[in-house]
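Peer 1: coordinates only, sequence not included:
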């Protein structure tokens, strides 16, 4: 089991330059500590216009700062929006390659298509075609990274032959993932040989089914890149405290705040009737179901908050379902004071991580 | 935390519909044809239209709906509504700003049973080969002329209608007082189409939204549905955040 951090960069009103800077600096301080403590990944979303919920519209800049401040932790786009109105694919290839160079080959590239009308409408994107454009993008990116020259004629974008520079540091290219929120996207991930970057907090039963289907399908995949990235990551909240009750209370405050902000987002389906965005696939709906007032005891049980023993139990359950990596959200609207976030990370590293450390036999096999 | 509306409906209760009780029976409304146009609007005009208990949708948007009810307990009627996209706590809602019904009887009952801010007027729902049109006149003046252009078939499962909220006076705990009322129709889809919204005339003041200007069109739908107006299940304190001020009136939305 690997552990990572997952940043939406949520900033409460009233917004001031100092407050936004402070929250960004808090995140960087957390990432630096996480690197020292042995966390494997830091992921940052790409979101636009999502007031309070996420002010992370330029994740490649945040991740570059993370890379410069750290030595070992891998930096992940979680995700870069593969819709032409948001990001031109050439620019994605160039930016990611540059970040891979600057990080010394520590880049993970998550891909996706956006789930909110707030964002899709803001960029004038057509919700009906986002899955198709994502598919084109993920098939082009590895070639743009690997081939000396590249040309393309597609439905959503085209280019004459050029040399796309720079090339990534990692060879043949950085690992690729796709954000999995909508039912069925885990199949899209598996069929393309992409890692499954779970961004919902759905309960054990639903996750177990998704993971089993992913593992089954990926065995016969045709990878879009040069290799199959068979990994399943999921997202969770983290608040670790010596006292179980204190840990649960703060963790629930974190989860409820995050969830409430998420439910304010205008999901695409709410306003734009499209077969491309079915109801159960929407991020806000899943988050509401998982952590809102209707949350079941089982779902609460899967959350990584409480004392170390409780968190170990939750993580072991996720591990038993086949999850390879859990990425933690540490804060929402700054409801957890920074010193407590830092203390929680330290306690988690000291008391929980050793239960999931790579065994010597595993390490030898990996070498 | 999210923004709230700034409208205090308790300041002018006389302008609100008044319900004799919260016990209306449900209305079955089979084979209704309903056109809904969703359009973004500037935020500057919307916060003051939304009760303090509710969160604005970001970006702000409204739904213009024109519906032909061919069968109802008060006979056939057409209804046009303007709803403001919003949130009641975590839930998407359309706050009903104004409505016009094509018959006096329908207007009277919708006002008295569910608190619709509705008056009677001329409401037409017309279908042409390339568009569905809605027109509304009050006192001989056109206050809405809109259309769904180039309707294309979609699946009913692609369409999501959100629940509504009205503001009205109603008796609760022995006192008639202003409150918010959730109206949550159900839909069984027989036919669904999607197209482009087009609005030729819109008199915002006639819909109780004097400063509202329509901006970016989002999408329009036209559906044939079996629907209803259910029994009232939830009412909300208009001044408290919805997650603190919601009262359940009854368990079931259907007639007991």
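Peer 2: Arrived safely. All values reported here derive from a predicted model rather than from experimental measurement.
Peer 1: in chain A, which spans are helices?
Peer 2: Taking DSSP state H to define them, one finds helices in chain A at A:17-37, A:59-69, A:89-102, A:117-122, A:130-146, A:185-191, A:204-218, A:244-263, A:268-271, A:283-291, A:297-301, A:308-321, A:338-347, A:360-366.
Peer 1: list of residues touching the second one?
Peer 2: Contacting residues not belonging to helix A:59-69 are listed as A:7, A:9, A:24, A:27-28, A:31-32, A:35, A:42, A:44-46, A:56, A:73, A:75-78, A:80, A:95-96, A:99, A:102-104, A:106 [CB atoms under 8 Å, 6 or more residues apart in numbering or on different chains]. Glycine gets a C-beta too; all of them are placed from N, C-alpha and C.
Peer 1: give me every residue in chain B lying close to chain A.
Peer 2: With CB under 8 Å from any CB of the partner chain as the criterion, chain B meets chain A at residues B:1-3, B:38, B:40, B:55, B:57-59, B:61, B:85, B:87, B:89-92, B:154-155, B:157-160, B:162, B:192, B:194, B:216, B:218-219, B:221, B:243.
Peer 1: can you give me the helices in the stretch 151-256 of chain B?
Peer 2: Secondary structure of the stretch 151-256 of chain B (DSSP state H, counting those that start in this stretch): helices at B:242-245.
Peer 1: ranges for the strands of it?
Peer 2: With DSSP state E, counting those that start in this stretch, the ranges of strands along the stretch 151-256 of chain B come out as B:163-172, B:175-183, B:187-202, B:217-229, B:234-236, B:246-248.
Peer 1: ranking the helices of chain A by burial, who's on top?
Peer 2: helix A:268-271 (a mean of 26; mean count of other CB atoms under 10 Å in any protein chain shown).
Peer 1: what comes into contact with it?
Peer 2: Against helix A:268-271 from outside (CB under 8 Å, 6+ apart): A:114-117, A:120-121, A:127, A:274, A:276-279, A:282, B:38, B:61, B:85, B:92, B:160, B:162, B:218-219.
Peer 1: so where is chain A shaky, pLDDT-wise?
Peer 2: In the prediction, chain A carries residues with pLDDT under 70 at positions A:201-202, A:279-301, A:359-367.
Peer 1: got the contact list for the spatially most central residue of it?
Peer 2: In chain A, the centroid-proximal residue (CA atoms, centre = their mean) is residue A:78; its distance is 3.7 Å. Listed by CB under 8 Å, 6+ apart, the contact set of residue A:78 reads A:6, A:43-45, A:59, A:108, A:110, A:177, A:179, A:197, A:199, A:327.
Peer 1: for residue A:77, same thing?
Peer 2: For residue A:77, the set of contacting residues under the criterion of CB under 8 Å, 6+ apart consists of A:43-44, A:46, A:59-60, A:63, A:96, A:107-111.
Peer 1: do residue B:234 as well
Peer 2: Applying CB under 8 Å, 6+ apart, one finds that residue B:234 lies in contact with B:181-182, B:246-249.
Peer 1: bridged to it, which residues?
Peer 2: Legend: beta-bridge partners of residue B:234 under DSSP bridges are residue B:248.
Peer 1: so who does residue A:6 touch?
Peer 2: A:43, A:45, A:78, A:235, A:327-329.
Peer 1: and for it, nearest residue in space, chain neighbours not counted?
Peer 2: Spatial nearest neighbour of residue A:6, excluding adjacent residues (CB to CB, 6 or more residues apart in numbering or on different chains): residue A:327 at 3.9 Å.
Peer 1: rewinding a little: turn the strands of the stretch 151-256 of chain B into a markdown table, columns for mean pLDDT.
Peer 2: Shown next, in a markdown table, are the strands of the stretch 151-256 of chain B (pLDDT from 0 to 100):
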| stretch | mean pLDDT |
| --- | --- |
| strand B:163-172 | 98 |
| strand B:175-183 | 98 |
| strand B:187-202 | 97 |
| strand B:217-229 | 98 |
| strand B:234-236 | 98 |
| strand B:246-248 | 95 |
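Peer 1: which one of the ones you listed lies nearest to residue A:183?
Peer 2: Set against residue A:183 and scored by CB to CB, the strands of the stretch 151-256 of chain B come closest in strand B:187-202, at 20.5 Å.
Peer 1: check which residues of that closest one are buried.
Peer 2: Of all the residues in strand B:187-202, those buried under the rule 16 or more other CB atoms under 10 Å in any protein chain shown are B:187, B:189, B:192-199, B:202.
Peer 1: likewise for stretch A:36-53?
Peer 2: For stretch A:36-53, a neighbour-count test (16+ other CB under 10 Å) marks A:39-53 as buried.
Peer 1: now, which of those residues lie close to chain B?
Peer 2: The subset of these lying close to chain B, counting by CB under 8 Å from any CB, consists of A:49, A:51-52.
Peer 1: ok, the residue nearest to residue A:6 - contacts?
Peer 2: Residue A:327 sits next to A:3-6, A:41, A:43, A:78, A:233-236 when contact means CB under 8 Å, 6+ apart.
Peer 1: nearest to chain A: which residue in chain B?
Peer 2: With CB to the nearest CB, the shortest gap between chain B and chain A falls at residue B:90, namely 3.7 Å.
Peer 1: would you agree that residue is in contact with residue A:263?
Peer 2: Yes - Residue B:90 is within contact range of residue A:263, at 3.7 Å (criterion: CB atoms under 8 Å).
Peer 1: ok so, going back, distance to residue B:47 for the ones next to chain B among the buried residues of stretch A:36-53 - can I get that in a markdown table?
Peer 2: Below are these laid out as a markdown table (distance: CB to CB, whole Å):
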| residue | distance to residue B:47 |
| --- | --- |
| A:49 | 17 |
| A:51 | 13 |
| A:52 | 16 |
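Peer 1: out of those, which comes closest to residue B:7?
Peer 2: Set against residue B:7, the nearest of those by CB to CB is residue A:51 (20.3 Å).
Peer 1: nearest spatial neighbour of that closest one, chain-adjacent residues omitted?
Peer 2: Distance criterion CB to CB, 6+ apart; nearest residue to residue A:51, sequence neighbours excluded, is residue B:58 at 5.7 Å.
Peer 1: that older thread, between the helices of chain A, which gets nearest to residue B:170?
Peer 2: Closest approach to residue B:170 among those is made by helix A:244-263 (27.1 Å; CB to CB).
Peer 1: by how many degrees do the closest one and helix A:338-347 diverge?
Peer 2: Angle of helix A:244-263 versus helix A:338-347, following axes from the mean of the first three to the mean of the last three CA atoms, to 10 degrees, is 120 degrees.
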